[in-house]
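S.K.: sequence and computational prediction follow.
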Amino acid sequence: MDILMGEPEQSLEKEIEADLTIGDLTVHEDRNEVMHFLHPVVYMTNIKGLYKKDDVLETKWTSYITIFRSNVYLSIFGVSVLVSILFVVIARSANRLHRGLDESALVVWLDASWFTLAALAKQGVDYHSQGLSGRFIVVSWWIFAIIMSTAYGANLISQLSVHKEQKPFHNLAELIRSEDYSFGLIEPSITSMIFQNTKSGSVKQAWSVLRERAKTNPEVLDANPANHFKMVDSGKYCYLGSNYYLEAYQGKDCTLKMMDSPVSWQHLAFGMPKGSPLIDEFERTLFILNQIGFVADRRKKWFKTRDPEECRSSASVKPVNFADIQIAFYLLATGTLFSIMSLLSEIVIASTKKR
């Protein structure tokens, strides 16, 4: 039996006859016309893009206000207003009950507002309340303010120390629109064949762009993959090709990144000439090897992928949402409830004594 090592196109161009081809053989409808692909397939891969990431950090001033989500800011503002109003009610009631004073609502409001804001900023404020109801609300607000300010401060430190990675593009459509990055692929290859014959809008557009750019820069359709990898290392270039080739080159170089969304899926398989008497025997053997796990073991050995932990970036800082700090609101609500109950009790007791 004659075995051909390499691409099937080589046997067709050189008119070499063989019973089995061994190489990077991608299942494609054009090849189906002249050969039979054995089942099951050996490996499923996809076409992706490999590029070198820029060392650009996001340093927007908005990072200082994106610590909390908008609903958290609105909730803090809302409870600040409500607590200030409750302070005014409690303070005026306590002064009348315990001191016989009737202070201006505006003066009490200013004092209460200053206290609520200063507490959130963790600034010491002398705010004394007569009666148990005032003490409840003061303690509750201090606990709430400490939790809020601590959460903001901790996340602000993380925001300033953890660098957010900004990807230049996520898919082929964004890559085409990118003004900073160029892209290319090997021609002739199965990848270029897929790009030429595709019905996908973005892939078809990418091929048109490539053909146009190749008129002034033939390197984007260079037949040598080493030249494409060289341009990737130079920066601002994305090499479109088979995922397992790209991952093999990527290795442990954490400056090289893969495009998030695949362009197309590919199946790698053994191929034999159509009508070969060996097809049934080979497929039967391949089926048995697949059942006993031999194919899966070979797949792990032949197509090694990078451990995602090797280049895991620092944990990204997510904005604090309401669920993360809801305990602070629950504590404040509980303290407010006790304060109102205490205030009502004080009013009842005071009215009873007057009688």
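M.R.: Received it, and whenever you're ready, just let me know what you need.
S.K.: which residue ranges of the stretch 201-350 of the chain form strands?
M.R.: 237-242, 256-258, 264-268, 271-273 (DSSP state E, counting those that start in this stretch).
S.K.: got the angle between the longest one and strand 264-268?
M.R.: To tie it back to what came earlier, the one meant is strand 237-242. Counting by axes from the mean of the first three to the mean of the last three CA atoms, to 10 degrees, strand 237-242 lies at 40 degrees to strand 264-268.
S.K.: ok, strand 237-242: who's next to it in the sheet?
M.R.: Sheet pairing of strand 237-242 (DSSP bridges) gives strand 43-52 (antiparallel), strand 182-184 (parallel).
S.K.: how far does the shortest one sit from the chain's center?
M.R.: Distance of strand 182-184 from its chain centroid, counting by CA atoms, centre = their mean, to the nearest Å, is 24 Å.
S.K.: repeat for the first one
M.R.: For strand 43-52, the distance from its own C-alpha centre to the chain's C-alpha centre is 19 Å (CA atoms, centre = their mean).
S.K.: kindly compare burial across the strands paired with strand 237-242 and name the winner.
M.R.: Mean neighbour counts were compared across the strands paired with strand 237-242 using mean count of other CB atoms under 10 Å; the top stretch is strand 182-184, at a mean of 22. To be clear about C-beta, it is placed using only N, CA and C from the backbone, and glycine gets the same treatment.
S.K.: give me the average confidence score over the helix or strand just after it.
M.R.: From strand 182-184 onward toward the C-terminus, using DSSP states H and E, the following helix or strand is helix 190-197. Mean pLDDT, helix 190-197: 80.
S.K.: right, and the strands paired with strand 237-242 - which one's nearest residue 67?
M.R.: strand 43-52 (31.4 Å; CB to CB).
S.K.: return the member of the strands paired with strand 237-242 having the minimum mean pLDDT.
M.R.: Minimum mean pLDDT among the strands paired with strand 237-242: strand 43-52, a mean of 83.
S.K.: could you check the angle helix 190-197 makes with it?
M.R.: 90 degrees.
S.K.: ok, back up a step: what's the closest of the strands paired with strand 237-242 to residue 265?
M.R.: Nearest of these (CB to CB): strand 43-52, 4.8 Å.
S.K.: now the strands paired with strand 237-242 as TSV including distance to residue 228?
M.R.: TSV is the format used below for those (distance: least, CB to CB, whole Å):
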stretch	distance to residue 228
strand 43-52	9
strand 182-184	6
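S.K.: out of these, nearest to residue 243?
M.R.: Comparing the strands paired with strand 237-242 by CB to CB, strand 43-52 comes nearest, at 4.6 Å.
S.K.: quick one: buried residues of the strand or helix carrying residue 71?
M.R.: Using DSSP H and E, residue 71 maps to helix 70-94. Counting neighbours by 16 or more other CB atoms under 10 Å, one finds that the buried residues in helix 70-94 are 72, 75-76, 79-80, 83-84, 86-94.
S.K.: nearest to residue 249, of those?
M.R.: residue 72 (44.4 Å).
S.K.: these two touch, right, residue 287 and residue 40?
M.R.: Yes. With contact defined as CB atoms under 8 Å, residue 287 and residue 40 form a contacting pair (7.1 Å).
S.K.: okay, now the domains of this protein?
M.R.: 3-58+165-302, 61-162+319-354 (automatic domain parsing).
S.K.: and the last one, average pLDDT?
M.R.: In this model, domain 61-162+319-354 carries a mean pLDDT of 75.
S.K.: surely residue 39 forms part of a strand?
M.R.: No. Using DSSP: H, G, I helix; E, B strand; the rest coil, the secondary structure at residue 39 is coil, not a strand.
S.K.: all the strands of the stretch 1-150 of the chain, in order from the start?
M.R.: So, for the stretch 1-150 of the chain - with DSSP E, counting those that start in this stretch - the strands run 3-5, 20-22, 35-37, 43-52.
S.K.: okay, residue 219: pLDDT?
M.R.: 91.
S.K.: what count of nearby residues applies to it?
M.R.: 15 (other CB atoms under 10 Å).
S.K.: of all the strands of the stretch 201-350 of the chain, which lies closest to residue 330?
M.R.: strand 256-258 (42.7 Å).
S.K.: which other helices and strands does that closest one contact?
M.R.: For strand 256-258, the elements it packs on are strand 43-52, helix 243-250, judged by 3 or more CB pairs under 8 Å, 6 or more residues apart in numbering; DSSP states H and E.
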